[in-house]
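> Pasting the sequence and the predicted model now:
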Amino acid sequence: MMAAGEVLELVTDEALELARGAREASLQLALHTTEQKNEALELMAKQLESDKDAILVENQRDLEQGEIDGLSTALLDRLKLTDQRFASMVQGLRDLIALPDPVGKELSNYEPPSGINISKVRVPIGVIAIIYESRPNVTADAAGLCVKTSNVVILRGGKEARYSNQLLTH
């Protein structure tokens, strides 16, 4: 097993800077209201709709490169953004708007004999990193879930979805 110091040596300066920036952003996102987060989710959905044609062009580029690289039929299928999958990405963001905000919800409350009130309350984690392959729809889903829960996300999609993800995250 590697020690923490050894693991850090494997992390690039660029990745550390990204993580530091994400941490700073998480402190700001944690202060956003439910309304602000829902507005952001709606803007994300509208941006996807606006960029649909360009995203599908880039997705086709990923598919063509995947065929050249010899990706399996199953992997190519997961990579492909159909009209139905695209619509699901947009609708998924809008579905999140309708959900109650989990942040700040009191899960339990206890008052021991000492009289101190102890509450268990949902709070953001802060920064979440997600590594995934070949599913560009995960990019929108993960980003939306993290916005709703006041968490900043670092996404690392697979190289096979490079062009789609670059446009999805702009």
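Everything's here; your move. Residues are numbered from 1 along each chain as shown.

> What segments of the chain are strands?
106-110, 118-121, 127-131, 152-156 (DSSP state E).

> tell me which residues of the last one are tucked away?
Same thing as strand 152-156. Within strand 152-156, the residues scored as buried using 16 or more other C-beta atoms under 10 Å are 152-155. Any C-beta I mention is one placed from the backbone N, CA and C, and that applies to glycine too.

> picking up where we left off before, and the strands of the chain: which comes nearest Asp51?
Judged by C-beta to C-beta, the one of the strands of the chain that comes nearest to Asp51 is strand 152-156, at 16.7 Å.

> between the closest one and strand 127-131, what angle do the directions make?
20 degrees (axes from the mean of the first three to the mean of the last three C-alpha atoms, to 10 degrees).

> Distance from strand 152-156 to the middle of the chain?
The chain centre lies 6 Å from the centre of strand 152-156; the measure is C-alpha atoms, centre = their mean, to the nearest Å.

> Check which helices and strands that strand sits against.
On a contact count with 3 or more C-beta pairs under 8 Å, 6 or more residues apart in numbering; DSSP states H and E, strand 152-156 meets helix 13-29, strand 127-131, helix 136-148.

> Next, the angle from that strand to helix 13-29.
Between strand 152-156 and helix 13-29, the angle comes out at 150 degrees (the same axes, to 10 degrees).
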